[in-house]
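[1] Quick one: sequence plus predicted model below, questions after.
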Amino acid sequence: MAYLNVVCVVVGTGILGLPAALKQGGWIGLVILCLAWLMSVYTAVILVRCLYANGTHRLHTYKEVATLAYGKIGGWVAFFFNAWILLGGPILYIVLSGQNMNQLCRGTVAEIGDIPWCIICAASVAIPFIMLKNMKDVAFISGLGVVVIFIVVFVVLIMSAIDKPNVVDAHHDTVVWNMFPVALATISFSFGGNVTYPHVEASMKKPKQWPMVVAVGLSTCAALYFIVAVAGYLVYGTGVASPVYNSIPDGVGQIIAVVVITINVLITVPIYATSFCLDIENMYDITVERYGKVKEFIIRATIRMLILAVITVIACTVPHFSILMSLIGAFGNCTLVFVFPVLFYLKITGVRNKPWYELIWCFLIVLLGLVGLIFGTMEAIKELIAAY
């Protein structure tokens, strides 16, 4: 079940923007994709290792790890970035699902616009979001999400291969330096699952198997990423769209891809949002033991409805999928996936007891994260301003 949670949360919409990431950065993006895969496996392992570092009891959240490493200020800084991803992800997914539904209904009376469909999509996930209490409860949803992702990969691969004879003179770049940081940010978004890992690992029957589970899960994601990224960019070149299924020919193939990815993102919304709510509920000790079943449910349901309302309002005001993905990836995931886990790990467990090659690896991870964070955020904000 933990494997399914990892794959469903990580692979999600990130897979849709990877051909466009190659368009932004060139073929060298595949090297960055490979590095990001290896680095994300390492940071996922050391992050969970930090949960057990205090020697007395297991920590529960990303914020508690940050607090142990750098005190209260560090904890709140980590919580801010954590909230940025755990809320930013669902916002992005609601935007995409609203656009997809309006696209599917084009030419019919149901073509009511992206924003109304965003509201409808948000309402459709309200019940599972409120009723599913923890990551164990959402595991079966993750299984469905993984199935539909495999369908998307298959459809994109087949349809792009069929369309290749119709695409002539597709241009490809080896490297595009001025857009390289934005490409890095988009790629980093594709491996952004760290914020949910403490809760996913906590749901495992055998937590000691976490390194193997996360390695296999992220390797599955990387394999799917390479297939879609190469297929999309090879066929369409710099003309590839984000999401990639907008590049494949109109017809049954595109409709299937749009439908199943919409199902996937709507499935992923409760997973991300539930992880954020678990942080809040743990922070304020909202438990059955403290309040009783009825009062605890009322408090939990109220908090979750308010959070979903905030997500929906923001999704209706920032309807730019590709730019939003770059911004969330640059500002949030570059920090939470690459920078913070390494800094927390070295602070909590020490530096001098690490071999030189591990320290070099840690330095490269932080460097990659900072480059994506600074330059990727700047470029994404510029694009968002230009779009308005």
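    Thanks, I have it.
[2] from here on, contacts and neighbour counts on C-alpha atoms
    Noted.
[3] contact partners of stretch 254-267?
    8, 12-13, 93-94, 96-97, 100-101, 104, 121, 125, 141-142, 144-146, 148-149, 151-152, 155-156, 245-246, 248 (CA atoms under 8 Å, 6 or more residues apart in numbering).
[4] Quick check: PyMOL command selecting the buried ones in the residues you listed.
    Remark: buried members of these, expressed as a PyMOL selection using 16 or more other CA atoms under 10 Å:
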select buried, resi 8+12+13+93+94+96+97+100+101+104+121+125+141+142+145+146+148+149+152+155+156+245+248
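[5] Any regions of the stretch 151-300 of the chain where pLDDT drops low?
    189 (pLDDT under 70).
[6] and with 90 instead?
    151-208, 221, 228, 231-232, 237-294, 296-297, 300 (pLDDT under 90).
[7] Okay, helices next: where are they in it?
    180-189, 197-202, 210-236, 252-283, 288-291, 293-317 (DSSP state H, counting those that start in this stretch).
[8] Name the residues of the last one that come out as buried.
    For helix 293-317, the buried set under the neighbour-count rule, 16+ other CA under 10 Å, comprises 296-297, 300-301, 303-305, 308-309, 311-312, 314-316.
[9] Mind giving me the packing neighbours of it?
    With contacts taken as 3 or more CA pairs under 8 Å, 6 or more residues apart in numbering; DSSP states H and E, helix 293-317 sits against helix 62-104, helix 114-124, helix 126-131, helix 252-283.
[10] now do 6 Å
    With contacts defined as 3 or more CA pairs under 6 Å, 6 or more residues apart in numbering; DSSP states H and E, the packing partners of helix 293-317 are helix 62-104.
[11] Run the angle between the helix it packs on and helix 252-283 for me.
    Using axes from the mean of the first three to the mean of the last three CA atoms, to 10 degrees, the inter-axis angle of helix 62-104 relative to helix 252-283 is 150 degrees.
[12] Off-centre distance for helix 62-104?
    With CA atoms, centre = their mean, to the nearest Å as the basis, helix 62-104 stands 9 Å off its chain's centre.
[13] ok, now stretch 301-320?
    Worked out by CA atoms, centre = their mean, stretch 301-320 lies 17 Å from the chain centre.
[14] CA atoms only for it, dumped as PDB, please.
    In PDB, the C-alpha atoms belonging to stretch 301-320 read as follows (Å, rounded to 0.1, in the frame of the first residue of the first chain):
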ATOM      1  CA  ALA A 301     -14.700  17.900   9.100                       C
ATOM      2  CA  THR A 302     -14.900  21.700   9.700                       C
ATOM      3  CA  ILE A 303     -11.200  22.200   9.300                       C
ATOM      4  CA  ARG A 304     -11.200  20.100   6.100                       C
ATOM      5  CA  MET A 305     -14.100  21.900   4.600                       C
ATOM      6  CA  LEU A 306     -12.400  25.300   5.200                       C
ATOM      7  CA  ILE A 307      -9.200  24.000   3.700                       C
ATOM      8  CA  LEU A 308     -11.000  22.700   0.600                       C
ATOM      9  CA  ALA A 309     -12.800  26.100   0.300                       C
ATOM     10  CA  VAL A 310      -9.400  28.000   0.300                       C
ATOM     11  CA  ILE A 311      -8.000  25.600  -2.300                       C
ATOM     12  CA  THR A 312     -11.000  26.100  -4.500                       C
ATOM     13  CA  VAL A 313     -10.900  29.900  -4.300                       C
ATOM     14  CA  ILE A 314      -7.200  30.000  -5.200                       C
ATOM     15  CA  ALA A 315      -7.700  27.500  -8.000                       C
ATOM     16  CA  CYS A 316     -10.300  29.700  -9.600                       C
ATOM     17  CA  THR A 317      -8.100  32.800  -9.600                       C
ATOM     18  CA  VAL A 318      -4.800  31.300 -11.000                       C
ATOM     19  CA  PRO A 319      -5.800  29.200 -14.000                       C
ATOM     20  CA  HIS A 320      -2.400  28.700 -15.600                       C
END
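[15] residue furthest from the geometric center of this protein?
    Distance to the chain centre peaks in the chain at residue 292, reaching 34.1 Å (criterion: CA atoms, centre = their mean).
[16] who's in contact with that one?
    Contact partners of residue 292, counting by CA atoms under 6 Å, 6 or more residues apart in numbering, are absent.
[17] can you give me phi and psi for it?
    In terms of degrees, to the nearest 10, the main-chain angles of residue 292 are phi 90, psi 160.
[18] how near is it to residue 280?
    18 Å (CA to CA, to the nearest Å).
[19] One more: residue 360?
    For residue 360, the distance to residue 280 - CA to CA - is 36 Å.
[20] neighbour count winner among the two?
    Neighbour count, other CA atoms under 10 Å: between residue 360 and residue 280, residue 280 has more, with 15 against 11.
[21] roughly how far apart are the closest residue to residue 338 other than its chain neighbours and residue 59?
    Take residue 338 and drop its neighbours on the chain: the residue closest to it by CA to CA, 6 or more residues apart in numbering is residue 369, 5.1 Å away. Distance of residue 369 to residue 59, given as CA to CA: 25 Å.
[22] between these two, who's got more neighbours?
    Taking other CA under 10 Å, residue 369 and residue 59 do not tie; residue 369 has more neighbours (27 against 18).
[23] what's near enough to touch that one?
    Counted by CA under 6 Å, 6+ apart, residue 369 has contacts 334, 338, 339.
[24] can you tell me how far the nearest residue to the last one once chain neighbours are set aside sits from residue 94?
    Closest residue in space to residue 339, ignoring its immediate chain neighbours: residue 366 at 4.7 Å, by CA to CA, 6+ apart. Separation of residue 366 from residue 94 (CA to CA) stands at 31 Å.
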